Structure formats: C-alpha cells, structure tokens
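Student: Model the following, please.
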Amino acid sequence: MQRPTLYLFLLAILAAFAGGVFAQDDSCTSDCTTETYGLTAAQLESIEQISLQYLEPNQSLMHDRRYMSVTGTTAVYDAPGGNIIRTIDQGFNYVTALEDASGWTRINGDEWVESANLTDVSWNVSSFTGILLPEEMPTDYTIAWALVNMYPSKTPGGTPSESYDLIYRYTELHIFATEIADGYRWYQIGPDQWVHQHRVAKVLPLQEIPEDVTTEQWVSIDLYEQVLIAYENNRPVFATLISTGLDRWPTYEGTFRIYYRARREFMSWGTVGDDYYSLEEVPWTMYFDDGRALHGAYWHDGFGYRRSHGCVNMTITDAYWLYQWVAEMMGSQASPDIEEGPFVYVYFSDTYQ
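Tutor: Here you go, the predicted structure:
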C-alpha cells in the first residue's frame, strides 16, 4: 500500500509543477522580463505634459534664394561665354543663383558660371524650428528631440521593437526616467519605451547665470547636447538644435560677446585641396569669437550633430528669430565692426564617451 501511495503523490507533484510551467508560458511573451524599469503607465498618465509653441517655418526666408552647390574648380565669367574674371577653387562651395540664360547662371552682379557646374540644393533647406519656452518649465520630465528615425526598446539596453510606432527625426520627446545599461544612459519616453542617449538631444537650461555674463539677454551653447538656449536674465525663452564645430575646427568653450552682425555674410576659409570652403550670403550672421559666428545654414539639415568649421549653425528660421531678438536689444538691424552685444556662453554639459 505504501508504494502506490508514494507513486501517486509524486505524480501529483509533477503535474502541479508542469501546470505551473505551462501557466507561466501562456501568460508571458518572448520579451517577458521579471524586472521593471522607470515609471509605470499609471504614473506617466498622471503627469501633466505642457504643449510647446514652435516657431512657424519661415518659408519666405527659407526660399528667397536659389542655393546652389558648386562642382569642382569653376571659372567665373563676366558674361555668358565671355572672359574669365576669377575662379572658384575646388572645395565646399555654395553660391546663390540670380538668373539662368541658355546654359549659364548669373551668381553675382555681372558674374556668370556654366550651369552644368551647379546643383540646386534649395530642397535641402531645413524646416525644423526651435521652441518658445514657457515661463514655467516642466519639472517632471526633460524636453528632448529625436536625432534619428528609431524604434524604442522595451527595456534599457534592449533591442529596438517594431511593435512601437517609428519615431521620426526631430520628433519632440519627453524623458521621464533614466537607467544605465552597458555604460550608457537610456531614457524612458513612454510606458516601457526606452531610447539610447546618443539618439536624443536634451534641452537643459542652466540653473544659474554664468559668473561673467552681465547682459539681460544672453545665449548658452551646449556642445554636448548640441542645443542653443536664449535667456532673458535667468529665464530661458527659446531653445533649438544646432551644429557646432568638428574636432578639427572646434567651437571653443568660454564666455564671449556678439561683436558684429550682418543679415548676409560671405564666408571663406581653409586650404585648397584640404579644408577650403566658400559660402555666399550666409544668412543672419552674428560673430562672437574671432571668426566664429551664430548663423543660419542652408547647405545641410543635420542639426543636432557637430559638422561645422567652428561656427554655430542653425536653421534659417531659428537664426532669423535669434537675430531679431538681438536686434531688438541693440536697437539696430546691423552693427559697426565692434559692439557690445549679448553674451554667448559655450560649454559642455557632459563628456563625450
């Protein structure tokens, strides 16, 4: 009698164990995890999120010129088929087209180049714009922008999941929590939605006015996040993505002042065959550190990433807003060679990994 009883008892234990295993499998997906991260859906639901006011893309300013890239070394003539008066050396070169005539394009006054040497890049003028910041900044989350098209991951360090909607570049994100995975920060942007720190740029207003800044209006340049913020005293009023200098041509840290302003500026620098560039009619330019300036950029749509020769690139709409903001303070649309404009504070909020 003892053996059958023991046998039946063991069978009952095995059945219970198997039932437990099957029940766990039925309630769990392939991405099931025993750990939880960040805020729950209910906690996120309770957070009041502020609707932000973006600048309207200024189409009239974005497309008031035909921007053209120049291919190779290009001769400039005094008339279609006329005499060569100068040469545009090979490099990173852009001009603005004024009119076309039978295979020729007029670029300045009576200057003409062969149209075959030009490529229209007006389509690449960025429509991204920054935001007018509210008087009371949110305290339960951090404002950020997506830098790439991406899918979130379900956990910090996890594989991006196509079960979520694709997040497009320049999408506004709200960061609610941070976790470390494999030495990198991962940010929670929604219920069980996490993105890698390198895929976003955060708006991080400074909590105190830098010691050397004494003007009521001033600008901060965060080289790590690639974000510009304009302030009125200690209140941030505007924020946007920028592109600062590459390692070879850095935008230097420090405290500077805007000393020269021009609505349109010709910029050229570098060594032919190496780093030469020539840019016509760079819009809404404000110099602050030797030859480095805040200005609009019509030749790329890569804001949020370093890519300049030391200047601070903005979209045309954003550069115009900042230029007018400074012009109101200075009481003029342009400037003499030397003026004491708003301070520009350039810094790293973090260290590149």
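
Student: give me the low-pLDDT residue ranges for the stretch 251-353 of the chain?
Tutor: The stretch 251-353 of the chain contains residues with pLDDT under 70 at 336-337, 353.

Student: same thing but at 90, please
Tutor: Along the stretch 251-353 of the chain, the parts satisfying pLDDT under 90 run over 334-340, 352-353.

Student: count of neighbours near Val326?
Tutor: 22 (other Cβ atoms under 10 Å). Where you see a C-beta, it was placed from the backbone N, CA and C, and this is true even at glycine.

Student: ok, now which ones touch it?
Tutor: Each residue near Val326 by Cβ atoms under 8 Å, 6 or more residues apart in numbering is listed here: Gln217, Ile258, Arg261, Met286, Gly341, Pro342.

Student: Ok, Asp182 next?
Tutor: Taking Cβ under 8 Å, 6+ apart as the test, what Asp182 contacts is Gly157.

Student: how about it, phi and psi?
Tutor: phi 60, psi 30 (degrees, to the nearest 10).

Student: Same question for Ala327.
Tutor: According to degrees, to the nearest 10, Ala327 has phi -60, psi -40.

Student: got a list of what the residue nearest the centre of the chain touches?
Tutor: Closest to where the C-alpha atoms of the chain average out (Cα atoms, centre = their mean) is Gly304, at 2.3 Å. Neighbour list for Gly304: Trp145, Leu147, Ala201, Gln226, Leu241, Ile242, Ser243 [criterion: Cβ under 8 Å, 6+ apart].

Student: what does Ile167 give?
Tutor: Ile167 sits next to Ala146, Asn149, Met150, Tyr151, Pro152, Leu173, Val195 when contact means Cβ under 8 Å, 6+ apart.

Student: rerun that using 10 Å as the cut-off
Tutor: 146, 148-152, 160, 173, 189-190, 193, 195, 199-200 (Cβ atoms under 10 Å, 6 or more residues apart in numbering).

Student: gap between the residue nearest to the centre of the chain and Ser60?
Tutor: Distance of Gly304 to Ser60, given as Cβ to Cβ, to the nearest Å: 25 Å.

Student: Pull out the buried residues from stretch 266-285.
Tutor: Met267, Tyr276, Tyr277, Ser278, Leu279, Glu280, Glu281, Val282, Pro283, Trp284, Thr285 (16 or more other Cβ atoms under 10 Å).

Student: One more: stretch 125-139?
Tutor: Val125, Ser126, Phe128, Thr129, Gly130, Ile131, Leu133.

Student: could you give the mean pLDDT of it?
Tutor: Mean pLDDT, computed over stretch 125-139, is 97.

Student: picking that back up, among the contacts of Val326, which lie within helices?
Tutor: Judged by DSSP state H, the subset of those located in helices is empty.

Student: how many other residues sit next to the closest residue to Ile242 other than its chain neighbours?
Tutor: Of all residues not flanking Ile242 in the chain, Leu228 sits nearest, at 4.8 Å (Cβ to Cβ, 6 or more residues apart in numbering). Counted with other Cβ under 10 Å, the neighbours of Leu228 add up to 25.

Student: and Leu228, what element?
Tutor: strand 227-232 (DSSP states H and E).

Student: Send over that strand as PDB, restricted to the C-alpha atoms.
Tutor: C-alpha atoms of strand 227-232 as PDB (Å, rounded to 0.1, in the frame of the first residue of the first chain):
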ATOM      1  CA  VAL A 227      21.400  72.700 -28.100                       C
ATOM      2  CA  LEU A 228      21.200  76.500 -28.000                       C
ATOM      3  CA  ILE A 229      19.100  78.300 -25.400                       C
ATOM      4  CA  ALA A 230      18.300  82.000 -25.300                       C
ATOM      5  CA  TYR A 231      17.700  83.700 -21.900                       C
ATOM      6  CA  GLU A 232      16.300  86.800 -20.600                       C
END
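
Student: Pull the distance from that strand to the chain's centre.
Tutor: 14 Å (Cα atoms, centre = their mean, to the nearest Å).
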